[in-house]
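*Asks:* Pasting the sequence and the predicted coordinates here, then a few questions.
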Amino acid sequence: MTEFTPAVLLHLGAVLPALAIGALNLMRRKGTRTHRALGWLWVGLMATAALSSFWIFGLRNGAGPSLIHLLSAWTLVSLACAIFFIRRGNVRAHKAFIVGTFLGLLGAGLGALAPGRLLAQLLFS
C-alpha cells in the first residue's frame, strides 16, 4: 500500500480544492475579476497537483514513473495552452483546454477510487 508521503499529502491538498474551485468557476459568469482570480488559483493548484505527482510512485511499487505520469505532463501542457490562448483572446480554445483539464481531473479522481488505490483504501476500508 502506498503511504501518505509528503508528495501524496501535497497532491491531495492541491487536488481536493481544485475540484471545488474548478467546478465553481465553470459555473460562474466568465470574464469577471472573480473568475480570473479563481482561475489563477485553480491553475496554481492544478500545477501543484501535476508536479507533486512526479514524486508519487505507488502504482509501480516505487519502481519509478508510470503511464499516469504522462497525464501529469499533459496537464502542465494543457494549463500552459489555456493561458496562452486566453492571453491572445481565443476564448473558445481557452475554454476547451480548461474544460478538458477539469474533465481529466474528474477522471483521475474516479481512477483514484479504484480498488487497491490509496484513496479507495482510505475511504472504503
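*Replies:* Looks like it came in fine.

*Asks:* Pick out the residue closest to the middle of this structure.
*Replies:* With distances taken as Cα atoms, centre = their mean, Met46 lies nearest the centre of the chain, 4.2 Å away.

*Asks:* who's in contact with it?
*Replies:* Ala14, Ala18, Gly22, Thr75, Leu79, Thr101, Leu105 (Cβ atoms under 8 Å, 6 or more residues apart in numbering). For the C-beta atoms, the positions are set from N, CA and C on the backbone; glycine is no exception.

*Asks:* The third one contacts Gly104, doesn't it?
*Replies:* No: contact status for Gly22 versus Gly104: not in contact, 10.6 Å apart, counting by Cβ atoms under 8 Å.

*Asks:* out of these two, which sits in the busier spot?
*Replies:* Between Gly22 and Gly104, counting by other Cβ atoms under 10 Å, Gly22 is the more crowded of the two (24 against 16).

*Asks:* Packing partners of the worst-scoring helix or strand of the chain on mean pLDDT?
*Replies:* Of all helical and strand segments in the chain, the minimum by mean pLDDT, DSSP states H and E falls on helix 118-124, at a mean of 78. Judged by 3 or more Cβ pairs under 8 Å, 6 or more residues apart in numbering; DSSP states H and E, helix 118-124 is in contact with helix 91-112.

*Asks:* Residues in contact with the helix it packs on: which ones?
*Replies:* Taking Cβ under 8 Å, 6+ apart as the rule, helix 91-112 contacts 15, 18-19, 22-23, 26, 30, 39, 46, 49, 68, 71, 74-75, 78-79, 81-82, 85-86, 117-120.

*Asks:* hmm, 7 Å instead?
*Replies:* For helix 91-112, contacts defined as Cβ atoms under 7 Å, 6 or more residues apart in numbering pick out 18-19, 22, 26, 46, 71, 75, 78-79, 81-82, 85-86, 119.
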